[in-house]
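> Okay, here's the prediction I keep looking at, along with the sequence it came from:
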Amino acid sequence: MFIYFSVRFSGFLKMDGWSNLGSVLATMVFIRTIIKDYFPPEIYNLFSELLRRLFAKFSSYISVVIEENDLMGASEVYDAVQTYLSALSSSAAERLKLKKPKNSKEFTFSMDNNQRIEDKFEGMKVRWAFHSIERKTTFSWNVAFDEKRYYELKFHKKHKDKIFGEYIPHVIAEAKKLELISRHSKIYMNESRYWTRVVFDHPATFGTLALEPEVKQEIMEDLQRFSRGEKYYRQVGRAWKRGYLLYGPPGTGKSSMIAAMANLLDYDIYDLELTQVKSNTDLRKLLIATTNKSIIVIEDIDCSLDLSDRKKKKKQEAQPEKDAEKGKQPSSEESNSTEESKVTLSGLLNFTDGLWSCCGSERLFVFTTNHIDRLDPALLRSGRMDKHIHLSFCTFGAFKILAQNYLSIEDHELFPEIQDLMEGAQITPAAVTEHLIKMADHPSCALQNLIQALVEAKERRASSTAAASNGISEENATETEGHG
């Protein structure tokens, strides 16, 4: 259809000359308007594309399309163009979209659909346009809609080499400068194979973490040494990445530690929910779509997938065979857990330390768990989880930091008693914080409440220890009777 129309159109020009070109173009625009009003969007888009190709034959201009997503996820060039044009469009575009990202204190401007603006660079003019096309996808039971968003750059053919050699690198460089000026850390979450983001504005810092000062200093130095290590990692032939395993009881500050890491290094956070990932292939695609200077987090990794020790698992797998011999059926929970395990341990190991893990640089992998003994040793080894950080129950040094943060006191007459009790009690920093917050305006009352909680915690621990000892004694007595 397109070839036939082009031939007829060219013949028309040869027969009657260029004097009738204006009426032909007006006719084509009229036909396109009719198609837009009375035909499906797919027909209109097809006709518009045919017109674009036809006019390109007689045009001295080139158009370059920059789409929002490429085959591997979000396009970095698209993001750079969007940042560059956001500053330009605020003064040049006729119609703008005003946004205020969640948790952000500033407004951002962007071009509205089908808007065009002009830019100048070293004596040449270029035109930018933004387009958004709604696409309909029909499934067997419902209809879904999504958008194809892209920028179009139009310039004269004689400037082609300068556009690709100088102008586009200029746009990317200016976008990086603008990002540094108005930089906001972001936190991403995965939905199937794609990331969505919001502004990250967590107040946690290493100064507010309830940890011994020596431990905090060691972790901070390790992080800063990593962030400066690009040349070193390249010299030794390793990917510029590092793994941290945060383990310990619930309420010991693992999530706050991650936020403090991000704030210290000014990194983005990618909060990876493994149960939302369909396969190892999708896991790799998510990894490739992450940016440099980021922290990839998997919290409670022992609960996300079956990543337990394979040696222990072999013993457990023998049990269903014995049950089958006895005619016992597996429970529905066991069946469902098997069906829902979509990412394998092998896929996760390759994600953290395989060939695909080097597709990017200056990235931290941070896993958290309440039960380190449940994880497969292959996941814990150096090169995957390079540094293990044990976040345990509250110590007196950590308590003094909490007292300074929540009660604004550095010393108190009740501190010695609290120090003695903490040596025998097991209480998490989260529990200590709760007692301090309740009476933040009355430090002495808050400390008295904490002392009472420590006494109770110490008694519970003593009772548990005694019960465990009695259990062992009774077991030994039974074995002795058996031998007798």
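Looks like it came in fine.
> how about the strands of the stretch 201-350 of the chain, start to end?
Here the stretch 201-350 of the chain has its strands, by DSSP state E, counting those that start in this stretch, at 241-247, 268-271, 294-298.
> What pairs with the second one, parallel or antiparallel?
What it means is strand 268-271. Using DSSP bridges, the strands paired with strand 268-271 are strand 186-191 (parallel), strand 294-298 (parallel).
> Could you do the longest one as well?
Using DSSP bridges, the strands paired with strand 241-247 in its sheet are strand 363-369 (parallel), strand 387-390 (parallel).
> CA atoms only for it, dumped as CSV, please.
Below are the C-alpha coordinates for strand 241-247, written out as CSV (Å, rounded to 0.1, in the frame of the first residue of the first chain):
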residue,chain,number,x,y,z
LYS,A,241,30.9,-4.8,44.1
ARG,A,242,30.8,-6.0,47.7
GLY,A,243,28.4,-8.1,49.7
TYR,A,244,27.2,-7.6,53.3
LEU,A,245,25.3,-10.0,55.4
LEU,A,246,23.4,-8.5,58.4
TYR,A,247,22.2,-11.1,60.8
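> Show the average pLDDT along that strand.
Mean pLDDT, computed over strand 241-247, is 94.
> what's it in contact with?
Identification of contacts with strand 241-247 by Cβ atoms under 8 Å, 6 or more residues apart in numbering yields 226, 254, 257-258, 261, 352-353, 357-358, 360-372, 380, 383-391. Yep, even glycine has a C-beta here, placed from its N, CA and C like the rest.
> Now list the buried members of those.
The neighbour-count criterion (16 or more other Cβ atoms under 10 Å) marks 226, 254, 257-258, 261, 352-353, 357, 360, 362-370, 372, 380, 384-387, 389, 391 among the contacts of strand 241-247 as buried.
> Residues touching the helix or strand harbouring residue 420, excluding its own?
According to DSSP states H and E, residue 420 maps onto helix 415-422. Contact with helix 415-422 is made by 394, 395, 396, 399, 400, 447, 450, 451, 454, 455, 458, as judged by Cβ under 8 Å, 6+ apart.
> show me what contacts the fifth one?
Spelled out, it's residue 400. 410, 415.
> so which strand or helix has it?
Assigned by DSSP H and E, residue 400 falls in helix 396-407.
> Give me the buried positions along that helix.
Buried positions in helix 396-407, judged by neighbour count with 16+ other Cβ under 10 Å: 397, 398, 399, 400, 401, 402, 403, 406, 407.
> I'd assumed residue 277 was in contact with residue 304.
No. With contact defined as Cβ atoms under 8 Å, residue 304 and residue 277 do not form a contacting pair (9.5 Å).
> Neighbour count for those two, which is higher?
Taking other Cβ atoms under 10 Å, residue 304 and residue 277 do not tie; residue 277 has more neighbours (24 against 19).
> pLDDT score for that one?
88.
> Roughly how far does residue 424 sit from residue 418?
From residue 424 across to residue 418, the span is 12 Å (Cβ to Cβ, to the nearest Å).
> When those two are compared, which one has more neighbours?
residue 418 (19 against 13).
> And the more buried one, how close does it get to residue 425?
Noted for residue 418: a distance of 10 Å to residue 425, by Cβ to Cβ.
> shared neighbours of these two, anything?
What both residue 418 and residue 425 touch, as defined by Cβ under 8 Å, 6+ apart, is the set residue 454.
> contacting residues around residue 386?
Residues near residue 386 by Cβ under 8 Å, 6+ apart: 242, 243, 244.
> give me the beta-bridge partners of the second one?
Beta-bridge partners of residue 243, counted by DSSP bridges, are residue 365.
> Tell me the spacing between it and residue 292.
Residue 243 is 16 Å from residue 292, where distance means Cβ to Cβ.
> Thanks a lot, see you next time.
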